[in-house]
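Colleague: this is a predicted model, with the sequence first.
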Amino acid sequence: MKTCVVSALVSWLLLIVSVGQARPEKAANITGLLNGLMTDYDKRLRPSLGGPPLVVKADIEIRSMGPISEKDMIYSMDCYFRQVWTDSRLAFNRSVQQVSNVSLNVKMLERIWHPDTIFINGGQSYLHTITAPNKFFRLNHDGSILYSQRLTIKANCPMHLEKFPMDTQKCPLHITSFGYSSKEVAYEWRFGDKLAVVASRDMALSQFDLIGMPAASSTACFKGTEHSVLTVYFDFRRHTGYFLIQVYVPCSMLVALSWVSFWINREATSDRITLGSTTMLTMTYLALESRDNLPRVAYSTALDIYVLMCFFYIFATIVQFAIVHHFTKYGTAEPMERQPDSEDEDEDSMESELGLTADELDNGVGRQGPTKFSSACPRSLTVALSCLLSARKTRLNKRVRNALGLNSVSKIDRAARVVFPASFIVLNILYWIAYIDLG
(Lines give C-alpha, C1' and ligand atoms only; values in the text may rest on other atoms or scores of the structure.)
Protein backbone atom coordinates (compact mmCIF):
# COMPACT_ATOMS: atom_id res chain seq x y z
CA MET A 1 0.00 0.00 0.00
CA LYS A 2 2.78 2.38 0.94
CA THR A 3 4.61 1.50 -2.26
CA CYS A 4 1.59 2.56 -4.39
CA VAL A 5 1.28 5.89 -2.63
CA VAL A 6 4.96 6.64 -3.06
CA SER A 7 4.87 5.79 -6.77
CA ALA A 8 1.84 8.07 -7.30
CA LEU A 9 3.56 10.99 -5.63
CA VAL A 10 6.67 10.45 -7.69
CA SER A 11 4.63 10.46 -10.92
CA TRP A 12 2.90 13.74 -9.99
CA LEU A 13 6.21 15.38 -9.21
CA LEU A 14 7.65 14.29 -12.52
CA LEU A 15 4.58 15.70 -14.34
CA ILE A 16 4.88 19.08 -12.60
CA VAL A 17 8.58 19.27 -13.39
CA SER A 18 7.96 18.40 -17.05
CA VAL A 19 5.22 21.08 -17.36
CA GLY A 20 7.48 23.64 -15.71
CA GLN A 21 10.21 22.82 -18.15
CA ALA A 22 7.76 22.87 -21.12
CA ARG A 23 6.52 26.39 -20.43
CA PRO A 24 9.92 28.07 -20.61
CA GLU A 25 10.69 25.96 -23.62
CA LYS A 26 7.44 27.07 -25.33
CA ALA A 27 8.08 30.72 -24.46
CA ALA A 28 11.59 30.35 -25.82
CA ASN A 29 10.19 28.91 -29.04
CA ILE A 30 7.77 31.85 -29.48
CA THR A 31 10.52 34.34 -28.70
CA GLY A 32 12.71 32.67 -31.28
CA LEU A 33 9.80 32.67 -33.71
CA LEU A 34 9.24 36.41 -33.35
CA ASN A 35 12.93 37.16 -33.61
CA GLY A 36 13.10 35.08 -36.73
CA LEU A 37 10.09 36.84 -38.25
CA MET A 38 11.63 40.25 -37.59
CA THR A 39 14.85 39.31 -39.36
CA ASP A 40 15.09 41.29 -42.58
CA TYR A 41 11.58 42.70 -41.98
CA ASP A 42 11.12 46.28 -43.23
CA LYS A 43 8.07 47.92 -41.70
CA ARG A 44 8.28 50.79 -44.19
CA LEU A 45 7.10 48.52 -47.01
CA ARG A 46 3.53 47.35 -47.27
CA PRO A 47 2.81 43.62 -47.74
CA SER A 48 2.58 42.35 -51.34
CA LEU A 49 4.52 45.32 -52.62
CA GLY A 50 4.49 45.35 -56.41
CA GLY A 51 1.55 42.95 -56.54
CA PRO A 52 -2.21 43.35 -56.22
CA PRO A 53 -3.58 45.84 -53.69
CA LEU A 54 -3.54 44.76 -50.08
CA VAL A 55 -7.06 44.06 -48.79
CA VAL A 56 -7.86 45.51 -45.37
CA LYS A 57 -11.12 44.31 -43.84
CA ALA A 58 -12.81 46.37 -41.14
CA ASP A 59 -15.80 46.18 -38.82
CA ILE A 60 -17.21 48.32 -35.99
CA GLU A 61 -18.94 47.38 -32.78
CA ILE A 62 -20.69 50.32 -31.11
CA ARG A 63 -20.85 50.35 -27.32
CA SER A 64 -22.57 53.72 -26.84
CA MET A 65 -23.53 56.71 -28.93
CA GLY A 66 -24.04 60.37 -28.16
CA PRO A 67 -24.31 63.20 -27.68
CA ILE A 68 -25.66 64.35 -31.04
CA SER A 69 -25.45 68.12 -31.39
CA GLU A 70 -27.59 70.00 -33.90
CA LYS A 71 -25.85 73.26 -33.04
CA ASP A 72 -22.36 71.97 -33.92
CA MET A 73 -23.66 69.35 -36.36
CA ILE A 74 -21.53 66.56 -34.92
CA TYR A 75 -22.16 63.16 -33.36
CA SER A 76 -19.96 60.93 -31.23
CA MET A 77 -19.78 57.25 -30.40
CA ASP A 78 -17.71 54.85 -28.31
CA CYS A 79 -16.79 51.78 -30.35
CA TYR A 80 -14.39 48.95 -31.07
CA PHE A 81 -12.76 49.47 -34.46
CA ARG A 82 -11.19 46.31 -35.87
CA GLN A 83 -8.96 45.80 -38.92
CA VAL A 84 -7.74 42.56 -40.48
CA TRP A 85 -5.05 42.20 -43.15
CA THR A 86 -2.53 39.58 -44.23
CA ASP A 87 1.22 40.02 -44.19
CA SER A 88 2.84 36.94 -45.75
CA ARG A 89 6.22 37.91 -44.27
CA LEU A 90 4.84 37.04 -40.80
CA ALA A 91 3.48 33.58 -41.66
CA PHE A 92 4.87 30.56 -39.75
CA ASN A 93 4.41 26.79 -39.56
CA ARG A 94 1.97 26.05 -36.75
CA SER A 95 2.82 22.32 -36.64
CA VAL A 96 6.43 23.12 -35.85
CA GLN A 97 5.72 25.91 -33.40
CA GLN A 98 2.70 24.06 -31.94
CA VAL A 99 0.66 27.31 -31.90
CA SER A 100 -1.85 28.66 -34.42
CA ASN A 101 -1.97 32.29 -33.23
CA VAL A 102 -0.13 34.57 -30.89
CA SER A 103 -1.55 37.50 -28.92
CA LEU A 104 1.11 40.15 -28.63
CA ASN A 105 1.72 43.38 -26.82
CA VAL A 106 0.97 46.58 -28.71
CA LYS A 107 4.69 47.37 -28.64
CA MET A 108 5.04 44.73 -31.30
CA LEU A 109 2.75 46.77 -33.51
CA GLU A 110 5.41 49.45 -33.74
CA ARG A 111 7.79 46.95 -35.36
CA ILE A 112 5.51 45.88 -38.21
CA TRP A 113 3.62 47.58 -41.03
CA HIS A 114 0.00 48.52 -40.31
CA PRO A 115 -2.59 50.54 -42.28
CA ASP A 116 -2.71 54.33 -41.89
CA THR A 117 -6.49 54.32 -41.58
CA ILE A 118 -8.29 57.64 -41.01
CA PHE A 119 -11.88 58.90 -40.65
CA ILE A 120 -12.38 61.48 -43.36
CA ASN A 121 -15.14 63.40 -41.59
CA GLY A 122 -13.75 62.72 -38.12
CA GLY A 123 -13.27 65.45 -35.55
CA GLN A 124 -11.63 65.30 -32.13
CA SER A 125 -11.50 61.51 -31.85
CA TYR A 126 -9.22 59.77 -29.38
CA LEU A 127 -7.97 56.37 -28.24
CA HIS A 128 -8.85 55.17 -24.74
CA THR A 129 -5.74 54.80 -22.61
CA ILE A 130 -7.13 54.01 -19.11
CA THR A 131 -5.68 52.00 -17.50
CA ALA A 132 -3.58 51.04 -20.50
CA PRO A 133 -3.84 51.75 -24.25
CA ASN A 134 -7.00 49.95 -25.35
CA LYS A 135 -5.42 48.07 -28.24
CA PHE A 136 -5.40 44.43 -29.16
CA PHE A 137 -2.99 42.70 -31.55
CA ARG A 138 -3.10 39.06 -32.69
CA LEU A 139 -0.92 37.26 -35.23
CA ASN A 140 -2.17 34.08 -36.93
CA HIS A 141 -0.04 31.35 -38.50
CA ASP A 142 -1.03 32.33 -42.05
CA GLY A 143 0.29 35.88 -41.54
CA SER A 144 -3.16 37.45 -40.99
CA ILE A 145 -3.26 40.15 -38.33
CA LEU A 146 -6.20 41.27 -36.19
CA TYR A 147 -5.83 44.80 -34.85
CA SER A 148 -8.55 46.12 -32.52
CA GLN A 149 -8.84 49.54 -30.86
CA ARG A 150 -11.36 51.16 -28.57
CA LEU A 151 -12.08 54.66 -29.86
CA THR A 152 -14.35 57.58 -29.19
CA ILE A 153 -15.12 58.99 -32.60
CA LYS A 154 -16.53 62.47 -33.17
CA ALA A 155 -17.61 63.03 -36.73
CA ASN A 156 -19.28 65.80 -38.69
CA CYS A 157 -22.87 65.27 -39.76
CA PRO A 158 -24.47 67.68 -42.26
CA MET A 159 -28.01 67.92 -40.89
CA HIS A 160 -31.13 69.10 -42.68
CA LEU A 161 -33.44 70.71 -40.12
CA GLU A 162 -36.39 71.79 -42.26
CA LYS A 163 -38.65 69.29 -40.43
CA PHE A 164 -37.13 69.78 -36.96
CA PRO A 165 -38.20 68.42 -34.46
CA MET A 166 -39.94 65.73 -36.54
CA ASP A 167 -36.89 65.07 -38.66
CA THR A 168 -34.70 62.09 -39.48
CA GLN A 169 -30.97 62.52 -39.96
CA LYS A 170 -28.49 60.44 -41.94
CA CYS A 171 -25.01 60.85 -40.42
CA PRO A 172 -22.11 59.30 -42.38
CA LEU A 173 -18.75 57.91 -41.30
CA HIS A 174 -16.12 57.64 -44.05
CA ILE A 175 -13.04 55.40 -43.62
CA THR A 176 -10.02 55.36 -45.92
CA SER A 177 -6.23 55.24 -46.05
CA PHE A 178 -4.40 58.50 -45.61
CA GLY A 179 -1.50 57.81 -47.97
CA TYR A 180 -2.25 54.70 -50.04
CA SER A 181 -4.34 54.79 -53.19
CA SER A 182 -6.89 52.17 -54.15
CA LYS A 183 -4.22 50.46 -56.30
CA GLU A 184 -2.16 49.81 -53.17
CA VAL A 185 -4.68 49.33 -50.34
CA ALA A 186 -8.31 48.34 -50.81
CA TYR A 187 -10.82 48.44 -47.93
CA GLU A 188 -13.70 46.00 -47.49
CA TRP A 189 -16.26 45.33 -44.79
CA ARG A 190 -15.20 42.23 -42.90
CA PHE A 191 -18.67 40.64 -42.56
CA GLY A 192 -20.35 42.26 -45.55
CA ASP A 193 -22.42 45.42 -45.84
CA LYS A 194 -25.31 44.18 -43.71
CA LEU A 195 -23.16 43.30 -40.70
CA ALA A 196 -20.52 45.94 -41.18
CA VAL A 197 -21.55 47.77 -38.02
CA VAL A 198 -23.31 46.26 -35.02
CA ALA A 199 -24.61 48.02 -31.91
CA SER A 200 -24.78 46.87 -28.32
CA ARG A 201 -28.19 45.57 -27.29
CA ASP A 202 -28.42 47.85 -24.27
CA MET A 203 -27.48 51.01 -26.21
CA ALA A 204 -30.00 53.86 -25.90
CA LEU A 205 -30.05 57.48 -27.03
CA SER A 206 -31.83 60.30 -25.22
CA GLN A 207 -33.37 62.18 -28.18
CA PHE A 208 -33.05 59.74 -31.09
CA ASP A 209 -33.77 56.22 -32.22
CA LEU A 210 -31.12 54.47 -34.32
CA ILE A 211 -33.31 52.95 -37.03
CA GLY A 212 -30.64 51.72 -39.46
CA MET A 213 -26.94 51.47 -40.28
CA PRO A 214 -26.58 50.88 -44.04
CA ALA A 215 -22.99 50.45 -45.20
CA ALA A 216 -21.19 50.45 -48.54
CA SER A 217 -17.74 50.54 -50.11
CA SER A 218 -16.67 52.82 -52.93
CA THR A 219 -13.80 54.87 -54.30
CA ALA A 220 -13.27 58.62 -54.04
CA CYS A 221 -10.75 60.97 -55.53
CA PHE A 222 -8.42 62.87 -53.19
CA LYS A 223 -5.92 65.25 -54.76
CA GLY A 224 -6.11 63.49 -58.07
CA THR A 225 -5.70 59.95 -56.65
CA GLU A 226 -8.38 57.31 -56.24
CA HIS A 227 -8.77 56.01 -52.68
CA SER A 228 -10.80 53.08 -51.42
CA VAL A 229 -13.48 54.31 -49.00
CA LEU A 230 -15.74 52.50 -46.56
CA THR A 231 -18.93 54.34 -45.63
CA VAL A 232 -21.61 53.68 -43.03
CA TYR A 233 -24.71 55.84 -42.52
CA PHE A 234 -26.36 56.12 -39.13
CA ASP A 235 -30.07 56.80 -39.57
CA PHE A 236 -31.48 58.70 -36.60
CA ARG A 237 -35.14 59.48 -35.92
CA ARG A 238 -35.79 62.20 -33.35
CA HIS A 239 -38.14 61.85 -30.38
CA THR A 240 -40.78 64.61 -30.40
CA GLY A 241 -42.05 64.08 -26.84
CA TYR A 242 -39.64 66.59 -25.30
CA PHE A 243 -40.62 69.34 -27.74
CA LEU A 244 -44.33 68.61 -27.29
CA ILE A 245 -43.99 69.21 -23.56
CA GLN A 246 -41.58 72.15 -23.70
CA VAL A 247 -42.78 74.09 -26.77
CA TYR A 248 -45.92 72.90 -28.55
CA VAL A 249 -48.24 72.54 -25.55
CA PRO A 250 -47.17 75.87 -23.89
CA CYS A 251 -47.57 77.75 -27.18
CA SER A 252 -51.04 76.30 -27.75
CA MET A 253 -52.08 77.16 -24.17
CA LEU A 254 -50.89 80.76 -24.63
CA VAL A 255 -53.00 81.08 -27.77
CA ALA A 256 -56.03 79.69 -25.93
CA LEU A 257 -55.34 82.08 -23.04
CA SER A 258 -55.39 85.06 -25.38
CA TRP A 259 -58.92 84.07 -26.42
CA VAL A 260 -60.17 84.81 -22.89
CA SER A 261 -60.29 88.48 -23.90
CA PHE A 262 -63.27 87.68 -26.16
CA TRP A 263 -65.34 87.14 -23.00
CA ILE A 264 -64.11 90.25 -21.21
CA ASN A 265 -66.25 93.40 -21.39
CA ARG A 266 -65.16 95.41 -24.38
CA GLU A 267 -65.04 98.54 -22.26
CA ALA A 268 -62.40 96.98 -19.95
CA THR A 269 -59.62 98.33 -22.11
CA SER A 270 -56.77 97.94 -19.65
CA ASP A 271 -57.67 94.32 -18.84
CA ARG A 272 -57.74 93.19 -22.43
CA ILE A 273 -54.58 95.06 -23.41
CA THR A 274 -52.73 93.67 -20.39
CA LEU A 275 -53.77 90.11 -21.24
CA GLY A 276 -52.68 90.50 -24.86
CA SER A 277 -49.34 92.06 -23.96
CA THR A 278 -48.56 89.37 -21.38
CA THR A 279 -49.26 86.51 -23.76
CA MET A 280 -47.21 88.19 -26.49
CA LEU A 281 -44.17 88.62 -24.23
CA THR A 282 -44.40 85.05 -22.95
CA MET A 283 -44.64 83.80 -26.52
CA THR A 284 -41.51 85.77 -27.41
CA TYR A 285 -39.61 84.12 -24.56
CA LEU A 286 -40.66 80.63 -25.68
CA ALA A 287 -39.64 81.39 -29.25
CA LEU A 288 -36.16 82.52 -28.24
CA GLU A 289 -35.76 79.58 -25.86
CA SER A 290 -36.62 77.04 -28.56
CA ARG A 291 -33.81 78.36 -30.81
CA ASP A 292 -31.00 78.12 -28.25
CA ASN A 293 -29.75 74.67 -29.29
CA LEU A 294 -30.15 75.16 -33.03
CA PRO A 295 -27.60 76.49 -35.52
CA ARG A 296 -28.26 79.80 -37.24
CA VAL A 297 -29.59 78.27 -40.42
CA ALA A 298 -30.92 80.43 -43.23
CA TYR A 299 -34.24 78.58 -43.47
CA SER A 300 -37.19 78.08 -41.14
CA THR A 301 -37.80 74.83 -39.32
CA ALA A 302 -41.13 73.17 -38.59
CA LEU A 303 -40.89 74.43 -35.03
CA ASP A 304 -40.36 78.00 -36.25
CA ILE A 305 -43.47 77.79 -38.38
CA TYR A 306 -45.59 76.61 -35.46
CA VAL A 307 -44.26 79.33 -33.17
CA LEU A 308 -44.90 81.92 -35.89
CA MET A 309 -48.46 80.65 -36.28
CA CYS A 310 -49.05 81.07 -32.53
CA PHE A 311 -47.52 84.55 -32.72
CA PHE A 312 -49.98 85.43 -35.48
CA TYR A 313 -53.00 84.34 -33.44
CA ILE A 314 -51.95 86.26 -30.34
CA PHE A 315 -51.23 89.35 -32.41
CA ALA A 316 -54.56 88.94 -34.22
CA THR A 317 -56.30 88.87 -30.82
CA ILE A 318 -54.84 92.29 -29.97
CA VAL A 319 -55.81 93.68 -33.39
CA GLN A 320 -59.31 92.27 -32.95
CA PHE A 321 -59.75 94.18 -29.71
CA ALA A 322 -58.55 97.37 -31.39
CA ILE A 323 -61.29 96.93 -33.97
CA VAL A 324 -63.89 96.22 -31.29
CA HIS A 325 -62.76 99.25 -29.31
CA HIS A 326 -62.97 101.46 -32.37
CA PHE A 327 -66.54 100.47 -33.18
CA THR A 328 -67.56 100.63 -29.51
CA LYS A 329 -66.53 104.29 -29.20
CA TYR A 330 -67.82 105.26 -32.60
CA GLY A 331 -70.91 107.43 -32.09
CA THR A 332 -71.16 106.76 -28.35
CA ALA A 333 -68.19 108.59 -26.90
CA GLU A 334 -68.95 111.26 -24.33
CA PRO A 335 -67.42 114.68 -24.71
CA MET A 336 -64.35 115.23 -22.59
CA GLU A 337 -65.17 117.24 -19.48
CA ARG A 338 -62.64 119.77 -18.37
CA GLN A 339 -61.78 119.59 -14.70
CA PRO A 340 -62.41 122.84 -12.85
CA ASP A 341 -59.24 124.72 -12.06
CA SER A 342 -60.74 127.06 -9.50
CA GLU A 343 -63.69 127.60 -7.30
CA ASP A 344 -65.20 129.87 -9.93
CA GLU A 345 -65.20 127.05 -12.43
CA ASP A 346 -66.81 124.76 -9.83
CA GLU A 347 -69.52 127.29 -9.36
CA ASP A 348 -70.03 127.63 -13.11
CA SER A 349 -70.32 123.88 -13.37
CA MET A 350 -72.96 123.79 -10.69
CA GLU A 351 -74.84 126.59 -12.38
CA SER A 352 -74.94 124.67 -15.62
CA GLU A 353 -76.09 121.50 -13.88
CA LEU A 354 -78.86 123.27 -11.89
CA GLY A 355 -79.77 125.66 -14.65
CA LEU A 356 -79.15 128.65 -12.33
CA THR A 357 -77.39 131.92 -12.86
CA ALA A 358 -74.91 133.41 -10.49
CA ASP A 359 -77.38 136.05 -9.35
CA GLU A 360 -80.02 133.47 -8.64
CA LEU A 361 -77.62 131.45 -6.56
CA ASP A 362 -76.60 134.54 -4.62
CA ASN A 363 -80.24 135.50 -4.02
CA GLY A 364 -81.24 131.96 -3.23
CA VAL A 365 -83.79 131.91 -6.06
CA GLY A 366 -83.92 129.39 -8.87
CA ARG A 367 -86.26 128.42 -11.57
CA GLN A 368 -88.38 126.52 -9.07
CA GLY A 369 -88.76 129.48 -6.75
CA PRO A 370 -87.00 130.62 -3.62
CA THR A 371 -84.48 128.32 -2.02
CA LYS A 372 -82.75 128.16 1.29
CA PHE A 373 -79.41 129.03 -0.22
CA SER A 374 -77.99 132.36 0.75
CA SER A 375 -74.91 134.28 -0.13
CA ALA A 376 -73.46 133.11 3.16
CA CYS A 377 -73.68 129.46 2.09
CA PRO A 378 -70.19 127.97 1.94
CA ARG A 379 -68.93 127.31 -1.54
CA SER A 380 -67.95 123.72 -0.58
CA LEU A 381 -71.61 122.81 -0.31
CA THR A 382 -72.28 123.99 -3.83
CA VAL A 383 -69.34 121.95 -5.12
CA ALA A 384 -70.62 118.83 -3.35
CA LEU A 385 -74.05 119.36 -4.83
CA SER A 386 -72.51 119.71 -8.28
CA CYS A 387 -70.63 116.41 -7.87
CA LEU A 388 -73.78 114.58 -6.80
CA LEU A 389 -75.71 115.88 -9.78
CA SER A 390 -72.85 114.95 -12.17
CA ALA A 391 -72.70 111.39 -10.81
CA ARG A 392 -76.44 111.07 -11.16
CA LYS A 393 -76.24 112.30 -14.72
CA THR A 394 -73.44 109.82 -15.52
CA ARG A 395 -75.50 106.90 -14.15
CA LEU A 396 -78.47 108.14 -16.10
CA ASN A 397 -76.45 108.29 -19.33
CA LYS A 398 -75.15 104.76 -18.72
CA ARG A 399 -78.68 103.42 -18.20
CA VAL A 400 -79.79 105.12 -21.38
CA ARG A 401 -76.89 103.63 -23.34
CA ASN A 402 -77.61 100.18 -21.95
CA ALA A 403 -81.26 100.53 -22.89
CA LEU A 404 -80.24 101.52 -26.40
CA GLY A 405 -77.96 98.47 -26.72
CA LEU A 406 -74.76 100.49 -26.91
CA ASN A 407 -73.07 98.43 -24.16
CA SER A 408 -74.15 95.00 -25.38
CA VAL A 409 -71.64 92.27 -26.37
CA SER A 410 -69.89 93.11 -29.62
CA LYS A 411 -70.79 91.03 -32.64
CA ILE A 412 -67.10 90.96 -33.50
CA ASP A 413 -66.35 89.29 -30.15
CA ARG A 414 -69.12 86.77 -30.71
CA ALA A 415 -67.74 85.86 -34.13
CA ALA A 416 -64.16 85.68 -32.80
CA ARG A 417 -65.18 83.14 -30.14
CA VAL A 418 -65.93 80.71 -32.96
CA VAL A 419 -63.62 81.76 -35.79
CA PHE A 420 -60.35 81.86 -33.84
CA PRO A 421 -60.56 78.39 -32.19
CA ALA A 422 -61.97 76.72 -35.31
CA SER A 423 -59.30 78.10 -37.63
CA PHE A 424 -56.53 77.28 -35.13
CA ILE A 425 -57.67 73.66 -34.91
CA VAL A 426 -57.82 73.37 -38.70
CA LEU A 427 -54.31 74.80 -39.08
CA ASN A 428 -53.00 72.40 -36.45
CA ILE A 429 -54.43 69.43 -38.32
CA LEU A 430 -52.86 70.59 -41.58
CA TYR A 431 -49.55 71.27 -39.83
CA TRP A 432 -49.23 67.80 -38.30
CA ILE A 433 -50.31 66.11 -41.52
CA ALA A 434 -47.64 68.02 -43.44
CA TYR A 435 -44.73 67.38 -41.06
CA ILE A 436 -45.30 64.18 -39.14
CA ASP A 437 -43.54 61.11 -40.50
CA LEU A 438 -45.96 58.22 -40.30
CA GLY A 439 -43.37 55.82 -41.65
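Modeller: Received it, and whenever you're ready, just let me know what you need. Residues are numbered from 1 along each chain as shown.

Colleague: S125: what's its closest spatial neighbour, skipping adjacent residues?
Modeller: Spatial nearest neighbour of S125, excluding adjacent residues (Cβ to Cβ, 6 or more residues apart in numbering): I153 at 4.6 Å. Where C-beta positions appear, they are placed from N, C-alpha and C, glycine not excepted.

Colleague: in which helix or strand does the one you found reside?
Modeller: strand 144-156 (DSSP states H and E).

Colleague: before we move on, the earlier item: quick check: the residue nearest to S125 touching Q124?
Modeller: No - with contact defined as Cβ atoms under 8 Å, I153 does not count as touching Q124 (9.5 Å).

Colleague: now for the spatially closest residue to W113 that is not a sequence neighbour: which residues touch it?
Modeller: Closest residue to W113 apart from its sequence neighbours, by Cβ to Cβ, 6+ apart: K43 at 4.9 Å. For K43, the contact set (Cβ atoms under 8 Å, 6 or more residues apart in numbering) comprises R111, I112, W113.

Colleague: secondary structure class for K43?
Modeller: On the three-state scheme (DSSP: H, G, I helix; E, B strand; the rest coil), K43 is labelled coil.

Colleague: repeat for T31
Modeller: Taking three-state DSSP as the rule, one finds T31 in the helix state.

Colleague: and it, how far from V102?
Modeller: 11 Å (Cβ to Cβ, to the nearest Å).

Colleague: more neighbours, these two?
Modeller: V102 (17 against 10; other Cβ atoms under 10 Å).

Colleague: separation between the more buried one and G36?
Modeller: Counting by Cβ to Cβ - V102 and G36 are separated by 13 Å.

Colleague: next one: L288
Modeller: L288 sits 71 Å away from G36, taking Cβ to Cβ as the criterion.

Colleague: where does pLDDT dip in the stretch 301-439 of the chain?
Modeller: 329-408, 437-439 (pLDDT under 70).

Colleague: how does the protein divide into domains?
Modeller: Domain ranges of the chain: 54-239, 242-332+410-435, 343-403, per automatic domain parsing.

Colleague: which residues in the stretch 251-400 of the chain form helices?
Modeller: 269-290, 302-329, 343-354, 358-363, 379-403 (DSSP state H, counting those that start in this stretch).

Colleague: what's the first helix or strand after the last one?
Modeller: Right, helix 379-403. helix 411-435.

Colleague: which strands and helices sit next to that next one?
Modeller: In terms of contacts (3 or more Cβ pairs under 8 Å, 6 or more residues apart in numbering; DSSP states H and E), helix 411-435 is packed against helix 249-258, helix 302-329.

Colleague: buried residues in the lengthiest strand in the chain, which are they?
Modeller: Using DSSP state E to assign secondary structure, the strand with the most residues in the chain is strand 54-69. Of the residues in strand 54-69, those with enough neighbours to count as buried (16 or more other Cβ atoms under 10 Å) are L54, V56, K57, A58, D59, I60, I62, M65, I68.

Colleague: return the member of the residues you listed nearest to K411.
Modeller: Closest approach to K411 among the buried residues of strand 54-69 (Cβ to Cβ): I68, at 53.0 Å.

Colleague: roughly how far does the closest one sit from I74?
Modeller: According to Cβ to Cβ, I68 stands 8 Å off from I74.

Colleague: name the residues contacting each of the two.
Modeller: Common contacts of I68 and I74 (Cβ under 8 Å, 6+ apart): C157.

Colleague: tally of neighbours for the closest residue to I412 other than its chain neighbours?
Modeller: Ranked by Cβ to Cβ, 6+ apart and with sequence neighbours excluded, the top spatial neighbour of I412 is V324, at 4.9 Å. Close neighbours of V324, defined as other Cβ under 10 Å, add up to 21.

Colleague: hang on, the earlier thing: quickly list what the residue nearest to S125 is bridged to.
Modeller: Beta bridges link I153 to M77, judged by DSSP bridges.

Colleague: quick one: it from K411, how far?
Modeller: 65 Å.

Colleague: burial measure for H239, as a count.
Modeller: Neighbours of H239 (other Cβ under 10 Å): 14.

Colleague: contacts only, for the nearest residue to it once chain neighbours are set aside.
Modeller: Computed as Cβ to Cβ, 6+ apart, the closest residue to H239 that is not its neighbour in sequence is Q207, at 5.4 Å. By Cβ under 8 Å, 6+ apart, the contact set of Q207 is I68, R238, H239, Y242.

Colleague: now do N93
Modeller: Residues near N93 by Cβ under 8 Å, 6+ apart: H141.

Colleague: what of V197?
Modeller: Each residue near V197 by Cβ under 8 Å, 6+ apart is listed here: D59, I60, E61, I62, M213, A215, V232.

Colleague: out of these, who's nearest L90?
Modeller: The shortest gap between L90 and any of the contacts of V197 belongs to D59, at 21.4 Å (Cβ to Cβ).

Colleague: my guess is the closest one meets R82, correct?
Modeller: Yes - the criterion here is Cβ under 8 Å, and D59 meets it with R82 at 5.3 Å.
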